[in-house]
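>>> Provided below for reference: sequence and predicted model.
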Amino acid sequence: MVLCTRLYGYANINSDIRARDFETDLVWLLPGIFPSIVAPKAYKARDMIWDAFFKYFSEGHDSGPDVASVIKAQAEGAQNYGFKARDIGKFFNGMLFAANSNAAPTIFWLLLYIFADPT
């Protein structure tokens, strides 16, 4: 969750979520067929993440000095196009999952590249 702090700043949503429940059963949420029955833990966790992001954006934490510029720019762009805090939070739920799920493979390949080059 260090990545969340680097992206969203110190007022991030880590304390409010159960990301493991969401990630474990995410595949069952994707079709959207009776998600509360098929994947109840993931469904509840997703709602918790959406609520946490809603609070984060409603309170203006996305413009803090410790928030990554990419997050600031995306949030500002979404707000300029008229998206509400709840909708922005749903979008950033996908960003959170993408950032966390790609961190480990990226680090692996980075280290492999570094150690494979003898110079």
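Received, thanks. Numbering: from 1, shown residues only.
>>> Could I get the pLDDT score of the most centrally placed residue in the chain?
Nearest residue to the geometric centre of the chain (CA atoms, centre = their mean): Leu96, 1.5 Å. With respect to pLDDT, Leu96 has a value of 74.
>>> distance of it from Ala42?
From Leu96 across to Ala42, the span is 14 Å (CB to CB, to the nearest Å). For the C-beta atoms, the positions are set from N, CA and C on the backbone; glycine is no exception.
>>> Helices of the protein, start to end?
2-8, 19-24, 26-29, 35-38, 40-58, 69-80, 85-116 (DSSP state H).
>>> Please verify my assumption that Ala45 contacts Asp21.
Yes - taking CB atoms under 8 Å as the definition, Ala45 is a contact partner of Asp21 at 3.9 Å.
>>> Between the two, which has more neighbouring residues?
Ala45 (22 against 19; other CB atoms under 10 Å).
>>> can you pull the pLDDT of the more buried one?
For Ala45, pLDDT reads 84.
>>> Next, find the distance separating it from Phe97.
The value you get for Ala45 to Phe97, if CB to CB is used, is 11 Å.
>>> what's the overlap in contacts for those two?
Phe22 (CB atoms under 8 Å, 6 or more residues apart in numbering).
>>> so where is the chain shaky, pLDDT-wise?
Where the chain drops to pLDDT under 70, the residues are 1-2, 14-20, 100.
>>> Just the buried residues of stretch 34-52, please?
Pro35, Ala39, Ala42, Tyr43, Ala45, Arg46, Met48, Ile49, Trp50, Ala52 (16 or more other CB atoms under 10 Å).
>>> again, but for stretch 99-109
Quick answer for stretch 99-109 (16+ other CB under 10 Å): Ala99.
>>> With stretch 78-95 instead?
Ala78, Phe83, Ala85, Ile88, Gly89, Lys90, Phe92, Asn93.
>>> Am I right that Ala39 is in contact with Asp25?
Yes - taking contacts as CB under 8 Å, Ala39 lies within contact range of Asp25: 4.0 Å.
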